[in-house]
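S.K.: Sequence plus the predicted model coming up.
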Amino acid sequence: MKVLFVCMGNICRSPTAEAVLRKYAQDAQLDSRITIDSAGTGDWHAGKGPDQRACQAAARRGYDLSALRARQVIAEDFQRFDLILAMDYDNLKRLEALRPADSNGELDLFLRRYKLGSDAVPDPYYGGEDGFEQVLDLIERGAAGLLDEIRGRQ
């Protein structure tokens, strides 16, 4: 299974989700069967590493974002990935507009898919440290649901 997480700039939420799911997959010994990536709908940060606050919050929980680099979603992603998960409604709308008519990938809102009470992962970029912790809490819960879904598809 190939999963793509998408947020606005690919420096906070989607790289965090990529790292969390990667660790969960490794711990479950499913990493050889899952391709995980992240991207942004915008290109402002292309080629740059994740936000340092996201890296620090993730590191405190044992996730490593240091090797990740931001990139923008491209049309081929809709063919390459089985599941494309947006972090919020705005990015879901942008992805729907970018999605080619012949796309193979399933497109959904990350948290809504797993009925976790909140549909969107809020953008912590303009807030404080606690916003990054909240993002991690939500992403960890969503990643657990996604891992269960992946196990069910085997």
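M.R.: Yep, it's here.
S.K.: Going along the chain, name the helices of the protein.
M.R.: Assigned by DSSP state H, the helices in the chain fall at 13-27, 52-60, 77-80, 89-98, 110-113, 129-153.
S.K.: so where is the protein shaky, pLDDT-wise?
M.R.: Applying pLDDT under 70 to the chain picks out residues 154.
S.K.: Nearest to the middle of it, which residue? Look it up for me.
M.R.: With distances taken as C-alpha atoms, centre = their mean, the residue of the chain nearest its centroid is Phe5 (2.9 Å).
S.K.: what about Ser14, distance to Glu149?
M.R.: According to C-beta to C-beta, to the nearest Å, Ser14 and Glu149 sit 18 Å apart. To be clear about C-beta, it is placed using only N, CA and C from the backbone, and glycine gets the same treatment.
S.K.: repeat for Gln72
M.R.: 26 Å.
S.K.: neighbour count winner among those two?
M.R.: Between Gln72 and Glu149, counted using other C-beta atoms under 10 Å, Gln72 has the larger neighbour count: 17 against 14.
S.K.: Need the nearest residue in space to the more buried one, chain neighbours excluded.
M.R.: Distance criterion C-beta to C-beta, 6 or more residues apart in numbering; nearest residue to Gln72, sequence neighbours excluded, is Asp43 at 4.3 Å.
S.K.: Might one say that Tyr114 is in contact with Glu140?
M.R.: No: using C-beta atoms under 8 Å, Tyr114 is not in contact with Glu140, being 11.4 Å away.
S.K.: Out of the helices of the chain, which one sits most buried?
M.R.: Looking across the helices of the chain with neighbours counted as mean count of other C-beta atoms under 10 Å, the highest average goes to helix 13-27: a mean of 24.
S.K.: Which strands and helices lie in contact with that one?
M.R.: strand 2-7, strand 35-40, helix 52-60, helix 129-153 (3 or more C-beta pairs under 8 Å, 6 or more residues apart in numbering; DSSP states H and E).
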